[in-house]
Structures are given as structure tokens and as C-alpha cells.
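Asks: this is a predicted model, with the sequence first.
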Number of protein chains: 2
Amino acid sequence: TTGAPDPTSAWLGRYRGGVAWHSPLQFNAHPLCMVLGMVFLQGDAVVGQGRKGTKCSGGDGLFSAGIIAVFESHQTKGIPDMYSLHSWCGMATFVLYLLQWFLGCSFFLFPGASFLLRGWYKPQHIFFGITLFILSITSCLLGITEMLLFKLSDSYSHFVPEGILANTLGVLLVAFGLVVGYVLTREEWKRPPLAEELALSMDFKTLTEGESPGGGSQ
Amino acid sequence: TTGAPDPTSAWLGRYRGGVAWHSPLQFNAHPLCMVLGMVFLQGDAVVGQGRKGTKCSGGDGLFSAGIIAVFESHQTKGIPDMYSLHSWCGMATFVLYLLQWFLGCSFFLFPGASFLLRGWYKPQHIFFGITLFILSITSCLLGITEMLLFKLSDSYSHFVPEGILANTLGVLLVAFGLVVGYVLTREEWKRPPLAEELALSMDFKTLTEGESPGGGSQ
């Protein structure tokens, strides 16, 4: 557990005893799953911009496992839930993520949604996707801060290696967010539309509101 | 100090003894100046999109005062500086803000910069402006978390009113960021270009790289 390739597992492995489910180390599954599942795989999905159709991935599983880990660990240790700003932001991120997923399915997979309705919803979906990604990173930084203040307390202010490593993890998360955000907002880097999307957008011009993609006739 | 209109001064006034410079209360000037100067006035400047030409404002003064407040207060109390993730993010925000300001002056006020150079720089300036605004809010949330864990410690987990109020301040900062971000990214809400900007953008089409706005002839 010492030569871990990413700073999250390096931190948890080297300084926090590693990760194990249904053990005193279950809590450590929370930061690991959130950083990998919520931030990195979500970042990958956001940059993919629907290249894979829907964006369900291993990230959703890790995301859920990370949330279960913290609630189960709190219950075992008798720690109250949902009192901190970290928990409020994290829970808001999770609820908005579910909402985004539900609305995304409704508008893009449900055949009854009209082209105009989809055209109206798409920029909202993109805006809230980027918002969720930023909120995820913010929640991680809040969690890192909480964990360091709880576990290191006074030694944090003496620049102990664990504090520097975990701070660096936070800075890397911000840098990852910056790179993803920059790639997303550069017009010239957008992938060209697929043949079927091009056909759809050409059809779109002749369609009137309320018509469904299923029905081709007036 | 009890009927303060904004949640930051309500928090500091009601629970933290208020704000005073060169006193044990000097630290409290830090959160107050950062929330008002860095987040709210910067948000206002970002939405203004250069409507006022340059964006120097009272926000810059509050921003600087807030940073001086925390370093002076740490020195008085013998608390180390720059060890926490909050301080790293906050300092990164400040340094990037200075860089953004310096580059903004160089590209937009210095008469030697060509139209093409300005045209290339403008989207970078917008991207980093939004990034700085998000980083500012993130730094505030990290600071709120730190302050609550230091000052409330155990009682934070018992849902004391001060914890709920400060968490709510954090949520309001996120909501403010969401509204500003949404307004900024809606194409249809962009202000129409001013007459002189329109003239510039028409000239732009016929200009070649390297030519300065000052010189009209080939």
C-alpha cells in the first residue's frame, strides 16, 4: 500500500491504514470512492459529451458505494450524520446528480420528447453537468479539510507530510477540474457531430414544436 | 449587530463578537471581507462583462484587507500561516487574480496589443475569470468549514444554531455562484455589443495580425 499510483490511495494506504469494507477502515472507502467515482469517472463522462450514448458507468457504482460507506461507518461509530457543510454540499451533489440522471433519461431516451423540447433541455443538461462536476470537486475539498482537522488536529499546522500530501491531492483535484473545464469550453475542440446527429439537426429545422421524433409525417 | 442583513455579518456579529481591526476580533475581518469583496463584488464584476471598462472596484480593496487581516491576526496569536488546504486554495486564488488583472491590463489597456492578440486572449480571460470566481467560492466554503471545526469542535455535530447558520451561508454562496454562472453562460442574455465594439469587430475582419489598434494604415 505504499507505492500507490494515485494520491488518494497513497494517503489512505500510507497514513490511514488502507481501505476495508465492514471494518473500522470502512470509512476510508468514502474518500476513495468519491474521488475516483464521483470526480474522475464523472470528469471522463463529462468530457465524453454523450459519445457513449448514456453515461452510466462504473462511476455510479463507486459513487453509491462511497455514500453507503460513510453512513454505515458513522452508524457503527455513533457519529451523527449530515451536520457539516461538507455533508450538505455532498448530499446536494448526490440529489442533483440523481435529478440530472432522471431528467437526462426522460428527455433523451424517452421517445415521446419532441426535438424542440430536447433542443431546449440540452444546454440546461450541459450547464448542470458542469455544475455537478464542480460541486463534486468542492465537496471533496471540504471532505479533505474535515478529515485532516479531525485526524491530524494540531500537527496539521506543523506541516506534517500527511497534511502536505492531502493538500496536494486537493490541489490536483482543482487542476483536474480546470483541465476538464477548459477542454469543455473550447469550441474548436468539440468533437464533430456524428452522421445521425447531423441528420437529426437538419430534420430539426423543418420540425414544428410538439412533434415527436417517432412520427415523421405532419 | 444582531439584525445584520447578510448571513456573514449575522454569523460574525451574533456568534463571534463582531469585527474590529487591530484587536482580538481582527480575524473576523477575514471572512467578512472575503465573502463581500472576493465573492459578491467579483460576481457583480463578472456579470458586468466589462460594461464598466476595467473592473477595478471596492472589491479589490476588501479582498486585500481580508488577506492582511488573517496574516496580522495569525502573527498576533502565533498561529502558523499557509498550512491548510483553505490557505493554499485561497492564496492560489489571490495570485491568479493578480495575474488575471495584470494580463487583462496588458492585453486590453496597453495600446500595442493587436486586435488578433486581443481576440485570442479574450476567451482565455473569460474562462479564467469564471474559474477565479468558482475558486473564490470554494475557498470561502473551506474557510467556513475550518472556522466551524476550530470554534465549535464537538458542538458542531449537535446541530447548534451557529453551525446551521454558517452552513446556510455556504449553501447561499453556492447558490449565488449557480445564478451568476447560469446568467453568464446563456447566450441570449448577453448584452448587445456597444457601438464602438461593433465598429471594432467589423474592422477586425479586414485587419491582419500584428497591426495595432492605434495604426489605421497598412
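Replies: Received the coordinates, thanks. Numbers count the residues shown, from 1 in each chain, chains lettered A, B, ... in the order given.

Asks: got the contact list for the most centrally placed residue in chain A?
Replies: With distances taken as C-alpha atoms, centre = their mean, residue A:38 lies nearest the centre of chain A, 3.4 Å away. Going by C-beta atoms under 8 Å, 6 or more residues apart in numbering or on different chains, residue A:38 touches A:59, A:62-63, A:66, A:93, A:136, A:139-140. (Glycine included, C-beta is placed from N, CA and C.)

Asks: where's it relative to residue A:66, distance?
Replies: 7 Å (C-beta to C-beta, to the nearest Å).

Asks: taking helix B:161-185 as reference, get the angle to the host helix or strand of residue A:179.
Replies: Here residue A:179 sits within helix A:161-185, counting by DSSP states H and E. Note on geometry: by axes from the mean of the first three to the mean of the last three C-alpha atoms, to 10 degrees, helix A:161-185 and helix B:161-185 are set 30 degrees apart in direction.

Asks: what average pLDDT does the longest helix seen in chain A get?
Replies: Scanning chain A for the helix with the most residues, using DSSP state H, yields helix A:115-151. Regarding helix A:115-151, the rounded mean pLDDT is 95.

Asks: buried ones in that helix?
Replies: A:115, A:118, A:121, A:125, A:128-149 (16 or more other C-beta atoms under 10 Å in any protein chain shown).

Asks: what's that helix packed up against?
Replies: Applying 3 or more C-beta pairs under 8 Å, 6 or more residues apart in numbering or on different chains; DSSP states H and E, one finds that helix A:115-151 makes contact with helix A:29-33, helix A:41-48, helix A:85-104, helix A:161-185, helix A:195-206, helix B:85-104, helix B:115-151, helix B:161-185.

Asks: mind putting those in JSON lines, distance to residue A:154 included?
Replies: Below are the helices and strands packed on helix A:115-151 laid out as JSON lines (distance: least, C-beta to C-beta, whole Å):
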{"stretch": "helix A:29-33", "distance to residue A:154": "22"}
{"stretch": "helix A:41-48", "distance to residue A:154": "35"}
{"stretch": "helix A:85-104", "distance to residue A:154": "21"}
{"stretch": "helix A:161-185", "distance to residue A:154": "11"}
{"stretch": "helix A:195-206", "distance to residue A:154": "57"}
{"stretch": "helix B:85-104", "distance to residue A:154": "16"}
{"stretch": "helix B:115-151", "distance to residue A:154": "11"}
{"stretch": "helix B:161-185", "distance to residue A:154": "22"}
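
Asks: what's the closest of these to residue B:25?
Replies: Across the helices and strands packed on helix A:115-151, residue B:25 has its closest neighbour in helix B:115-151 (13.1 Å, C-beta to C-beta).

Asks: by how many degrees do the closest one and helix A:85-104 diverge?
Replies: Going by the same axes, to 10 degrees, helix B:115-151 makes 130 degrees with helix A:85-104.

Asks: show me how far helix B:115-151 is from its chain's centre.
Replies: Remark: helix B:115-151 is offset 6 Å from the chain centroid, using C-alpha atoms, centre = their mean, to the nearest Å.

Asks: off-centre distance for the helix holding residue A:179?
Replies: Taking the mean of its C-alpha atoms, helix A:161-185 sits 14 Å from the chain's own mean (C-alpha atoms, centre = their mean).

Asks: now do the buried residues in that helix.
Replies: A:162-163, A:165-167, A:169-170, A:173-174, A:176-178, A:180-181, A:184-185.

Asks: right, and the helices and strands packed on helix A:115-151 - which one's nearest residue B:78?
Replies: Nearest to residue B:78, of the helices and strands packed on helix A:115-151 and by C-beta to C-beta, is helix B:115-151 at 14.8 Å.

Asks: who in chain A is up against chain B?
Replies: Taking C-beta under 8 Å from any C-beta of the partner chain as the contact definition, chain A meets chain B at A:79-80, A:83-86, A:88-89, A:92, A:127, A:131, A:134-135, A:137-138, A:141-142, A:144-146, A:148-150, A:156-159, A:163, A:166-167, A:170-171, A:174, A:178, A:181-182, A:185.

Asks: at 6 Å what do you get?
Replies: A:80, A:83, A:85, A:88, A:127, A:134, A:138, A:141-142, A:144-145, A:149, A:157, A:159, A:167, A:170, A:185 (C-beta under 6 Å from any C-beta of the partner chain).

Asks: distance of residue A:119 from residue A:108?
Replies: Residue A:119 is 11 Å from residue A:108, by C-beta to C-beta.

Asks: likewise for residue A:177?
Replies: For residue A:177 relative to residue A:108 (C-beta to C-beta), the value is 25 Å.

Asks: and whichever strand or helix holds residue A:72, which residues are buried?
Replies: Residue A:72 belongs to helix A:58-77 when assigned by DSSP H and E. Residues of helix A:58-77 classed as buried by neighbour count (16+ other C-beta under 10 Å): A:59-60, A:62-63, A:65-67, A:69-70, A:72-74.

Asks: show me what it is packed against.
Replies: Judged by 3 or more C-beta pairs under 6 Å, 6 or more residues apart in numbering or on different chains; DSSP states H and E, helix A:58-77 is in contact with helix A:29-33.

Asks: what do you get if the cut-off is 10 Å, keeping everything else the same?
Replies: Identification of packing neighbours for helix A:58-77 by 3 or more C-beta pairs under 10 Å, 6 or more residues apart in numbering or on different chains; DSSP states H and E yields helix A:29-33, helix A:41-48, helix A:85-104.

Asks: ok and the longest one relative to helix A:58-77, angle-wise?
Replies: Computed by the same axes, to 10 degrees, the angle separating helix A:85-104 from helix A:58-77 equals 140 degrees.

Asks: quick one: mean pLDDT over helix A:85-104.
Replies: 95.

Asks: could you do the second one as well?
Replies: Mean pLDDT, helix A:41-48: 83.
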